[in-house]
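S.K.: what's the 3D shape of this:
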Amino acid sequence: MEPGYLWVDGRACASSDGGVFDTEDPASGEVLTTLARGTAADIDRAVAAAGRAQVLWARTDPNERARVLWKVGEAIMANLEELARLEAIDCGKPIANARAIDIPRTADTFFYFSGWATKIHGETIPVRGPFFTYTTRDPLGVIGAITPWNFPILLAARKIAPALACGNAIVVKPPEEASLSTIALARVATEAGLPDGLLSVVTGLGEEAGAALVAHPGVAKIAFTGGTDTGKLIMRNAAATLKRVTLELGGKSPNIVLADADVVTAAKAAVSAAFYNQGELCTSGSRLVVERRVLDEVLDVVAQGARELVAGAPMDERTQGGPLVSAAHRARVLSYVDRGLAEGAQRVTGGDLPGPGYFVAPTVFRGVTTEMTIAREEIFGPVLSVLSFDDLDDCARIANATEFGLAAGIWTRDIGKAHALAARVHAGTVWINTYNRFDAAAPYGGVKQSGFGRENGRAVLDEYTEAKTVWVGL
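M.R.: Numbers count the residues shown, from 1 in each chain. Have a look, this model is predicted:
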């Protein structure tokens, strides 16, 4: 493939010192291409360009901002095949998923936030005395975004589109494992009419380009999606310049099946909840929490579904599960499989999947308890821990027996139980009789160690604007 490059101030360029690094094809383990190794100087160049462009963008008629963002969405759909291909080969996801979900939802994010560009406003406030007092919502300035490798283009768009709608500029440091689609997104956006400098992409290593972005005094806010430990490091380092920070971090989501549910439907959905995108999903239903009297029935369906998932090359249209993103991540996931066995969990199916590429077969453990490592730590791979409960109090205790709080699922025909349990589960999102549903209009984010702040929906606009109060003496 063509070697990678930075995208700064509306054009492709090499890193300041010409440095590069290799990125691998997860399906073969071979080098896919090289990426520019961005430096602190490159971050400084991108932030400077963003600062210049942002001043003009903030003064641009909101109707024009809306028009540009809508055109970016249209351009994404016009380039669907290219973007889907880059996403599939770079991070290992099945091409069918990238084509049907990742790229259309990326476009939809721009369509949705184009509508908000003309609807960001303050309010008038009745106060004591002869004063007219009102507020405005002003853009923050330059946003720094650091994005993960499991959904590179979509999770970048969730930061880029609202930031631009609010009048900001943004510099993105994409994941070193999978940067190609984010670079292509910047190019497509520029070709669609996004003014130069508003969106820059600086590829590189987290400890170099990422750290420089967090430390830069010209960046007003960091929006991060990734691991909890890295999120904590970013939060500490951002404190030096008192940046705003929003963090969408890890998860260990409980997917709860009550005995009165449509058990077969719930069990089939649990397979997708756990193994979609090879389990490399923050909201993965990685803990299946089942009422004991239907445990065996659920396990039979789940195990059969896991065995039937088709693993293969990302570009194969039949593939349902691709490789994990890297050799290091594959080794990490398999270490959890070994840990589960060592701690007494019973493997029903799955494990190592020999051959070229970084594959792991969908793995199901039964007999898991809340004290086991595989029930507590985020594995971020195709490993499902099945736990059981006897009553709703026991269920709520197990569901909340985690430091994370990103999402949860509940399957039941009793709507009263559904609402009561949803209120007791500590999570930013709860799905009832469905799982892993997202929309650009619906706020998304976590609690506890899953982070803070929200993406999507009206809620995210407060993350990218500052309230200003104006008093007028009458």
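
S.K.: who's in contact with the residue lying closest to residue 406 once chain neighbours are set aside?
M.R.: Nearest non-adjacent residue to residue 406, counting by CB to CB, 6 or more residues apart in numbering: residue 251, 3.3 Å away. Using the backbone N, CA and C atoms, a C-beta is placed for each residue, glycine as well. Each residue near residue 251 by CB atoms under 8 Å, 6 or more residues apart in numbering is listed here: 282-284, 286, 378, 404-407, 446, 450.

S.K.: what about 10 Å?
M.R.: Applying CB atoms under 10 Å, 6 or more residues apart in numbering to residue 251 gives the contacts 228, 281-287, 378, 380, 402, 404-408, 427-429, 446, 448-451.

S.K.: same question for residue 434.
M.R.: By CB under 10 Å, 6+ apart, the residues touching residue 434 are 269, 273, 409-411.

S.K.: can you flag which of those belong to strands?
M.R.: 409-411 (DSSP state E).

S.K.: which of the residues you listed are buried? Put it as a ChimeraX command.
M.R.: Only the buried entries of the ones in strands among the contacts of residue 434 go into this ChimeraX selection, using 16 or more other CB atoms under 10 Å:
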select :409,410,411
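
S.K.: can I get the ones in strands among the contacts of residue 434 in TSV with pLDDT and distance to residue 200?
M.R.: Listed next are the ones in strands among the contacts of residue 434 as TSV, based on pLDDT from 0 to 100; distance: CB to CB, whole Å:
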residue	pLDDT	distance to residue 200
409	98	38
410	98	42
411	98	44
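
S.K.: quick one, helices of the stretch 51-200 of the chain?
M.R.: 62-78, 80-91, 95-97, 103-116, 152-165, 180-191 (DSSP state H, counting those that start in this stretch).

S.K.: could you do the stretch 251-400 of the chain as well?
M.R.: Along the stretch 251-400 of the chain, counting by DSSP H, counting those that start in this stretch, helices occupy 263-275, 295-308, 327-342, 373-376, 392-399.

S.K.: so for the third one, mean pLDDT?
M.R.: Across helix 327-342, the average pLDDT comes to 97.

S.K.: what comes into contact with that helix?
M.R.: Contacts of helix 327-342 (CB under 10 Å, 6+ apart): 24, 26, 29, 92, 149, 177, 278-280, 323-324, 326, 345-347, 350-353, 357-361, 363, 365, 367-368, 372-375, 377-383, 385.

S.K.: again, only this time at 8 Å
M.R.: So helix 327-342 is contacted by 24, 29, 279, 323-324, 347, 350-352, 358-360, 363, 365, 368, 372-374, 377, 379-383, 385 (CB under 8 Å, 6+ apart).

S.K.: next: the fourth one.
M.R.: Applying CB under 8 Å, 6+ apart, the set of residues contacting helix 373-376 from outside is 252, 287, 336, 339-340, 343, 345, 365, 368-370, 383, 385, 387, 401-403.

S.K.: buried residues of stretch 237-244, list them for me.
M.R.: Across stretch 237-244, burial judged by 16+ other CB under 10 Å covers 237-238, 243-244.

S.K.: likewise for stretch 281-295?
M.R.: Quick answer for stretch 281-295 (16+ other CB under 10 Å): 281-291, 294-295.
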